[in-house]
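1. Sequence below, structure please.
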Amino acid sequence: MPRQIAPAVVAVCLLLLGVARMAHAGEAPPLVLEATIALPATSGRIDHLAIDITRKRLFVAELGNGSVDVVDLATNRVLHRITGLKEPQGVGYAASANRVAVASAGDGTVRLFAADSFAPAGVVLLGDNADNVRLSVDGHDFLVGYGGGGLAIIDPAQGAVRARIALAAHPEGFQVAPEGRAYVNVPDAHGIAVVDLNAGRALAMWTFAGASENFPMALGEAGIVAVVFRSPARFVRIDRASGHEISRSNTCNDADDVFFDTRRKRYYISCGSGVVDAFEVAGGGVKGLAVVTTSGGARTSLFVPELDRMFVAVRAGLFGPVASVRVMRPAP
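-> Sure thing, here's the model as predicted:
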């Protein structure tokens, strides 16, 4: 489990990114703190988040706490807590089946819950290190990365595995594209796997010289997949059709999530160094906008276009802050 990053380290990281990247006086930053939602009695690392748009509920996987908090965004308070989980990492919501899926590293399970009552609705045994959760293009199935190298396609209504697709190593961040392909970060195999979901197999492995530890991924502007590498810290945009690199930029350290804001043509990268790094698409490439300070160790986040908000998970520190979710509003 990564240690809490000290404020002094955060300051150094900001300096390394460059003073020019900070918002100038009188200039609106790309993200503005709107609210802070407390996560009471939550310790340890916080992992991924998901959203139920209809009910306006945010699901927060609290890996170190063995729980998932359900946050009511109408009141900005925790509505319910799902407990008894073993290192929950990924969480997803399927409106078509009214199911929440929680993927746990500790026991390799994907546990399903009714989204309205939170009653248990099934357990899928994947065997090892169940991790990121995504929805299929039609929204009817969960896709879950797991084990030494696999994607499982799970029917949320039946609580059963439809298919398993082998990968070269454990998958981290991945995205499902409208063309029926999944693009999967496989850092231990030093690349990005291109998976044909209809055929149920990997088609290719893309590698990028001088960049490793690729964890977060997003679908960007048309035909682009965006990947952030941790070693060194680089933000890379890739052509989805060819696998060719389009651009490469320095970014913040210890990145764990990246999102594309279609409305503003921006990327937001959340990093454990205690910042969100914002970029804007411009002239066929990207330009850095500003680095917005969050909190040391606040690696995971979720941008929700329907709400036009970004949610950043802040873990509890030894001497503060308390665990929380920061609600950030894009500006202008």
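2. only C-alpha atoms for contact and neighbour calcs from this point on.
-> Noted.
3. so how far is Ala313 from Thr36?
-> Noted for Thr36: a distance of 10 Å to Ala313, by C-alpha to C-alpha, to the nearest Å.
4. list the residues that contact both of these two?
-> 324-326 (C-alpha atoms under 8 Å, 6 or more residues apart in numbering).
5. follow-up on the earlier one: neighbour-wise, which of Thr36 and Ala313 wins?
-> Shown here are Thr36 and Ala313; by other C-alpha atoms under 10 Å, Ala313 has more neighbours (31 against 18).
6. Let me see the contact set for that one.
-> Per C-alpha under 8 Å, 6+ apart, neighbours of Ala313: 46-47, 298-301, 323-326.
7. As TSV, those residues with neighbour count would be great.
-> Listed next are the contacts of Ala313 as TSV, based on neighbours: other C-alpha atoms under 10 Å:
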residue	neighbour count
Ile46	30
Asp47	26
Ala298	32
Arg299	28
Thr300	25
Ser301	29
Ala323	24
Ser324	21
Val325	23
Arg326	22
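8. Am I right that Asp188 is in a strand?
-> No - with DSSP: H, G, I helix; E, B strand; the rest coil as the criterion, Asp188 is helix rather than part of a strand.
9. isn't it right next to His170, touching?
-> Yes - using C-alpha atoms under 8 Å, Asp188 makes contact with His170 at a distance of 7.0 Å.
10. Is the residue nearest to Ala119 when sequence neighbours are not counted in a helix, a strand, or coil?
-> Closest residue to Ala119 apart from its sequence neighbours, by C-alpha to C-alpha, 6 or more residues apart in numbering: Phe113 at 5.4 Å. Three-state call for Phe113 (three-state DSSP): strand.
11. ok, Phe113 touching Ala94?
-> No - with contacts counted by C-alpha under 8 Å, Phe113 stays clear of Ala94, the gap being 10.6 Å.
12. Are there residues contacting both of the two? Which ones?
-> Val100.
13. picking up where we left off before, between Asp188 and His170, who's got more neighbours?
-> Remark: of Asp188 and His170, His170 carries more neighbours, 22 against 16, as counted by other C-alpha under 10 Å.
14. Am I right that the more buried one sits in a helix?
-> No - under three-state DSSP, His170 sits outside any helix and is assigned coil.
15. Pull the contacting residues for the nearest residue to it once chain neighbours are set aside.
-> Excluding the flanking residues, the one nearest His170 by C-alpha to C-alpha, 6+ apart is Gly149, at 4.2 Å. If you count contacts by C-alpha under 8 Å, 6+ apart, Gly149 has them with 166-171.
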